[in-house]
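In: kindly generate the corresponding structure for this input.
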Amino acid sequence: MFSNENQINKLFLYWLITSLFLVFFIIIVGGLTRLTNSGLSITQWELFKGILPPLTDKSWEFYFEEYKKIPQYKFLNFNMTLSEFKVIFYWEYFHRILARVIGLFFIIPLIYFYLSKKIKKEYIKICYLIFVMILLQGIIGWYMVISGLTNDVTVSHYRLSIHLCTAILIISSMFWLIRNISAGKNKTFFNFSISTLPFQIFFFLIFIQIILGAFVSGLDAGRIYQTWPLMGDNYIPNDIFIINLLELNNHSLVQFYHRNLAYIIILYVLFLSVFIYKNKIADLYNPLKILLFILLLQISLGIFTLISGLNIYIASLHQITSVLLVFSALNLYYFTAK
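Out: Okay, the predicted model is just below:
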């Protein structure tokens, strides 16, 4: 169908870009599924049977009765009607269908590109690794869901963070590969040197901040203090104690860490900015400006998410911007990588 090698390479690049957007989209949908408390509405992992939604009243009653058996319904949604259940069901259903679509959209063309033997072997190997992560992501997703089916009204924030981190690893791998193909280069992410270390540290800080953000979301820790810049009447709230600094089930402590790492990231970016302009690294001027804009937007959205009482639209934008921040951090680092 595509005999010309240049055509196949272009097709390969467009396929990767489309895959990137699909993963970006499912992260948005996953965030909304979490914000609407819809993730536990389907209590079974139906890989094939679950492709179609309930089509009869009897089927809807079955899924609703299954949902009534879990703690979330018994303690939080005991007044929920079938019509209300359908809303949260469709959020989780669409999330799962999109995951299936991504898996098929990735593996079928990948097999074709492998058989064509016109794509660089190292690119194909990376794509297979990405596909393994996509499969792993599905397993982690179910592992996360089952944590909320027996004793808790929500999923484990630890498992939620693993689920989100895997998504970030997938989308970061895709982004890096796309940059390499577009630039006709073969830069390595894990290439440590004095010149790249400050940018790798920055990406690591962003990654840790996303983990803390998942903790805040999973614990609903944003509900405990909805003021800024203070947490209640204090910078350090009264319910945080030195002996419990590693207690990551503590809502106040997790929110405190998330806030203060944001301040550290701001200071670190200022350090990077001084470093870049002092050394006149002109190639980094534009990537840095993009990063600064997205970082300020992200922090502003985080503050407004809090003081708005966790408005779902602002919170969703906050999650979307976190992925854009990953892209901008990777883009900045890419210019220094070798």
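In: for residue 269, see how far away residue 89 is.
Out: When distance is defined by Cβ to Cβ, to the nearest Å, residue 89 is 42 Å away from residue 269. C-beta: built from backbone N, CA, C; applies to glycine.
In: ok, now residue 104?
Out: 39 Å.
In: who has more neighbours, the two?
Out: residue 269 (19 against 10; other Cβ atoms under 10 Å).
In: thought that one was touching residue 291?
Out: Yes - look at residue 269 against residue 291 with Cβ atoms under 8 Å: they come within range, at 7.0 Å.
In: where does the stretch 101-250 of the chain have low pLDDT?
Out: Filtered on pLDDT under 70, the stretch 101-250 of the chain yields the residue ranges 242-243.
In: break down it into its helices, ranges please.
Out: 121-146, 157-183, 197-219 (DSSP state H, counting those that start in this stretch).
In: kindly present the ones you listed as JSON lines, with separate columns for mean neighbour count and distance to residue 245.
Out: Formatted as JSON lines, those follow (neighbours: other Cβ atoms under 10 Å; distance: least, Cβ to Cβ, whole Å):
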{"stretch": "helix 121-146", "mean neighbour count": "16", "distance to residue 245": "26"}
{"stretch": "helix 157-183", "mean neighbour count": "19", "distance to residue 245": "17"}
{"stretch": "helix 197-219", "mean neighbour count": "19", "distance to residue 245": "14"}
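In: list the contacts of the residue lying closest to residue 211 once chain neighbours are set aside.
Out: With Cβ to Cβ, 6 or more residues apart in numbering as the criterion, residue 211 has its nearest non-adjacent residue at 4.9 Å, and that residue is residue 161. Taking Cβ atoms under 8 Å, 6 or more residues apart in numbering, we find residue 161 in contact with 211, 214-215, 218.
In: kindly provide the distance from residue 161 to residue 55.
Out: Taken as Cβ to Cβ, the span from residue 161 to residue 55 is 36 Å.
In: residue 47 too?
Out: 18 Å.
In: between those two, who's got more neighbours?
Out: Taking other Cβ under 10 Å, residue 47 and residue 55 do not tie; residue 47 has more neighbours (11 against 8).
In: now do the SS call for the more buried one.
Out: coil (DSSP: H, G, I helix; E, B strand; the rest coil).
In: tell me the contacts of residue 198?
Out: 271-272, 275.
In: quick one: which of those residues has the most company?
Out: With neighbours taken as other Cβ under 10 Å, the top of these is residue 272, carrying 19 neighbours.
In: same for the helix or strand harbouring residue 274, what does it pack against?
Out: Taking DSSP states H and E as the definition, residue 274 sits inside helix 251-278. Here helix 251-278 touches helix 197-219, helix 285-307, going by 3 or more Cβ pairs under 8 Å, 6 or more residues apart in numbering; DSSP states H and E.
In: save those helices as TSV, and put in distance to residue 73 too.
Out: Listed next are these as TSV, based on distance: least, Cβ to Cβ, whole Å:
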stretch	distance to residue 73
helix 197-219	19
helix 285-307	27
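In: residue 263: which of these is closest?
Out: helix 285-307 (8.9 Å; Cβ to Cβ).
In: I'd like the next helix or strand past that closest one.
Out: With DSSP H and E, the next secondary element past helix 285-307 is helix 312-334.
In: and that next one, what other elements does it pack with?
Out: Counting by 3+ Cβ pairs under 8 Å, 6+ apart, helix 312-334 packs on helix 5-35, helix 157-183, helix 197-219, helix 285-307.
In: so which of these comes closest to residue 332?
Out: helix 285-307 (4.5 Å).
In: the closest one: how far from the chain's middle?
Out: 17 Å (Cα atoms, centre = their mean, to the nearest Å).
In: which of the residues in it are buried?
Out: 287-288, 291-292, 294-295, 298-299, 301-303, 305-306 (16 or more other Cβ atoms under 10 Å).
In: for that helix, packing partners?
Out: helix 251-278, helix 312-334.
In: quick check: domain ranges of the protein?
Out: 1-160, 187-338 (automatic domain parsing).
In: pretty sure residue 106 contacts residue 129?
Out: No - contact status for residue 106 versus residue 129: not in contact, 11.6 Å apart, counting by Cβ under 8 Å.
In: on that earlier part again, pick the most buried one from the helices and strands packed on helix 285-307.
Out: Of these, the one with the most neighbours on average (mean count of other Cβ atoms under 10 Å) is helix 312-334, at a mean of 19.
In: average pLDDT across it?
Out: For helix 312-334, mean pLDDT rounds to 95.
In: find the nearest non-adjacent residue to the most centrally placed residue in the chain, please.
Out: Nearest to the mean C-alpha position of the chain, by Cα atoms, centre = their mean, lies residue 164 at 4.3 Å. In this structure, residue 164 finds its nearest non-sequential neighbour in residue 214, 4.6 Å apart by Cβ to Cβ, 6+ apart.
In: residue contacts, that neighbour?
Out: 157, 160-161, 163-165.
In: is residue 43 in a helix, a strand, or coil?
Out: coil.
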